[in-house]
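Novice: 3D, please:
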Amino acid sequence: MNQKEIRVRFAPSPTGPLHIGGVRTALYNYLFARKNGGKMILRIEDTDQTRFVAGAENYINEAFNWCGIEFDESIEKGGEYGPYKQSERKHIYKDYAEQLINSGNAYYAFDTTEELTKIRSEFEAEKKTFIYNAIERKNLRNSLTLSKEETKKLISDGEAYVIRFKMPEDETVVMNDLIRDRVEVNSSVLDDKILFKSDGMPTYHLANIVDDHLMKISHVIRGEEWLPSLPLHVLLYDAFGWEKPEFAHLPLLLKPDGNGKLSKRDGDRLGFPVFPLEWTDPKTGNVSAGYREDGYFPQAFINMLALLGWNPGDERELFSMEELIEAFSIERVGKSGSKFDLEKAKWFNHQYLVKENNETLAELLMPIVIKNGVTVNQEKLSEIIALVKERATFVADLWGQVDFFFIRPKDYDAKAVKKRWKANSYDLMLELKELLSSFEDFESDIVENAVKQWIEANEYGMGAVMNAFRLLVVGALKGPHLFDIVAMIGQEETLERIDQGLNELGRKE
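Specialist: Residues are numbered from 1 along each chain as shown. Coordinates of the predicted model:
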């Protein structure tokens, strides 16, 4: 017997930007498919046209392109199981809903919104909760309580109706989940969900099951929020007589503080994005931050997300996409939610920035350098970046670490001056300037050795000299190895900066 082909899907609704929880779900599907030699499908679930948001579908595609998550079948790629947009498949769902009616697993319900609202109010008045279930459906206006003739007449007269699933009465539904193992629910607590709406469109539940079956989906890997829908979905597969896929419900991404699912509000409150890319709301014009625009490398973003809910079973934290594919297994996905950690997200980006080659970083930084009125060739910028990148988290941070290589201090850090510009600093720097003027070769190690010998020979304090020297060259007590800085800016510029600093700071009284 041939092994069943692994086919997974990510099926977002184009109702707004993609939450990073959704990206993680897609990532786990992608890793699972690639690890097992399977296929990854992108299906747009747009049956609820009332919630459609312009631009959301393009956003989804652009986000996955940036993340490096590739699909084998999609609207863009095509494939033998298309169309891959549910609104283009809407003609097929009615037949399946009717099939369930004919098999006794679904029924027509003619209750109006007003009627159901009235019933709910009556239940609430008695401090009860109304559920359209196996008990209550016996008292309502549907094809189970009406005769066949009455039902046919209502339909032929154009009476609005929905098609509901006929939930079994008091039956234990047994389900298996790859992460949560065996799950049992009694059908008496479940309601008769609407499968087909009065507007001629299927609900998520019907369209999702039909499409997964027709697209031969072998594993449904989705968020924990869909766990309450699992009993219905399992019963639908049984009602159709179809082979069920395997299910895996991923743990939630939790807010960094307190309890609960990570939301956009948490990101706004704590100052981090919850979307992969920046999103502009087409209705309000409000802009929400994105990881791409905030300066994260896509590899760092993906690496961070992968470890929110899954662990490789060892101490490793840094993975390329290929290494994630090799290491990934559903068995190592946890049951409990994972708290988002902004500092850890930044840590990942720092690791990737340090690993990135200097030429690429120079190319990325160059627009910022030019914007600040500096002209420098890429080769020299690469050399400077090599000296400072350990101190940066994002590419944009690099400018604050390299600006003094190109621009003389306009002012001097007041705290540093107060603490480090001593009574003898002026004379020490005059003497140091004379020494630095004597070099024919201004390489870092040559200058460093000579300056240290001069300090030792004269029994000057190393800190007293080096802090004052850095203050004059940089304007603050920051930056990489000082002799690397002066070698990079050159002898003439170093001497001129000393002169400028001496004029500005003068002798301390």
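
Novice: buried set for the lowest-mean-pLDDT helix or strand in the chain?
Specialist: Here the helix or strand of the chain ranked lowest by mean pLDDT, DSSP states H and E is helix 264-270, holding a mean of 91. Neighbour-count burial for helix 264-270 flags 264, 266, 267 (criterion: 16 or more other C-beta atoms under 10 Å). For the C-beta atoms, the positions are set from N, CA and C on the backbone; glycine is no exception.

Novice: stretch 173-188 now?
Specialist: Buried positions in stretch 173-188, judged by neighbour count with 16+ other C-beta under 10 Å: 173, 175, 178, 179, 180, 183, 185, 187.

Novice: check what pLDDT the fourth one gets.
Specialist: Going back to what we said before, that points to residue 179. Model confidence at residue 179, given as pLDDT, is 96.

Novice: same question for the second one.
Specialist: At residue 175, the model reports a pLDDT of 95.

Novice: cool, the last one as well?
Specialist: On pLDDT, residue 187 comes in at 94.

Novice: where do the helices sit along the stretch 401-509 of the chain?
Specialist: Using DSSP state H, counting those that start in this stretch, the helices of the stretch 401-509 of the chain run over 414-420, 425-437, 444-457, 462-474, 482-489, 491-505.

Novice: tabulate the ones you listed (JSON lines), appending mean pLDDT and distance to residue 169.
Specialist: Listed next are these as JSON lines, based on pLDDT from 0 to 100; distance: least, C-beta to C-beta, whole Å:
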{"stretch": "helix 414-420", "mean pLDDT": "96", "distance to residue 169": "76"}
{"stretch": "helix 425-437", "mean pLDDT": "97", "distance to residue 169": "90"}
{"stretch": "helix 444-457", "mean pLDDT": "97", "distance to residue 169": "83"}
{"stretch": "helix 462-474", "mean pLDDT": "97", "distance to residue 169": "79"}
{"stretch": "helix 482-489", "mean pLDDT": "98", "distance to residue 169": "79"}
{"stretch": "helix 491-505", "mean pLDDT": "97", "distance to residue 169": "86"}
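
Novice: distance to residue 362 and mean neighbour count added to those helices, as JSON lines?
Specialist: Shown next, in JSON lines, are the helices of the stretch 401-509 of the chain (distance: least, C-beta to C-beta, whole Å; neighbours: other C-beta atoms under 10 Å):
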{"stretch": "helix 414-420", "distance to residue 362": "29", "mean neighbour count": "13"}
{"stretch": "helix 425-437", "distance to residue 362": "28", "mean neighbour count": "16"}
{"stretch": "helix 444-457", "distance to residue 362": "20", "mean neighbour count": "14"}
{"stretch": "helix 462-474", "distance to residue 362": "21", "mean neighbour count": "20"}
{"stretch": "helix 482-489", "distance to residue 362": "14", "mean neighbour count": "20"}
{"stretch": "helix 491-505", "distance to residue 362": "20", "mean neighbour count": "16"}
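
Novice: indicate which one of these is closest to residue 32.
Specialist: Set against residue 32 and scored by C-beta to C-beta, the helices of the stretch 401-509 of the chain come closest in helix 482-489, at 47.0 Å.

Novice: and the closest one, what does it pack onto?
Specialist: helix 378-388, helix 395-406, helix 444-457, helix 462-474 (3 or more C-beta pairs under 8 Å, 6 or more residues apart in numbering; DSSP states H and E).

Novice: right, and the ones you listed - which one's nearest residue 110?
Specialist: helix 395-406 (60.5 Å).

Novice: now the closest one: buried residues?
Specialist: Along helix 395-406, these residues count as buried under the neighbour rule (16+ other C-beta under 10 Å): 395, 397, 398, 399, 401, 402, 403, 404, 405, 406.

Novice: could you do stretch 361-373 as well?
Specialist: Neighbour-count burial for stretch 361-373 flags 361, 362, 364, 365, 368, 369 (criterion: 16+ other C-beta under 10 Å).

Novice: could you check which helix or strand contains residue 164?
Specialist: strand 162-165 (DSSP states H and E).

Novice: mind listing the strands that strand pairs with, and their directions?
Specialist: Strand 162-165 has the following sheet partners, assigned by DSSP bridges: strand 106-109 (antiparallel), strand 194-196 (antiparallel).

Novice: okay if I get those strands as TSV plus mean neighbour count?
Specialist: As requested, these are arranged in TSV below (neighbours: other C-beta atoms under 10 Å):
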stretch	mean neighbour count
strand 106-109	22
strand 194-196	24
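
Novice: among these, which is nearest residue 83?
Specialist: Closest to residue 83 of the strands paired with strand 162-165 is strand 194-196 (C-beta to C-beta; 19.1 Å).

Novice: which strands and helices sit next to whichever helix or strand comes after the closest one?
Specialist: Proceeding N to C from strand 194-196, the next assigned helix or strand is helix 204-214, under DSSP H and E. If you count contacts as 3+ C-beta pairs under 8 Å, 6+ apart, helix 204-214 packs onto helix 90-102, strand 194-196, helix 230-240.

Novice: would you format those as a markdown table with distance to residue 418 included?
Specialist: Below are the helices and strands packed on helix 204-214 laid out as a markdown table (distance: least, C-beta to C-beta, whole Å):
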| stretch | distance to residue 418 |
| --- | --- |
| helix 90-102 | 73 |
| strand 194-196 | 73 |
| helix 230-240 | 66 |
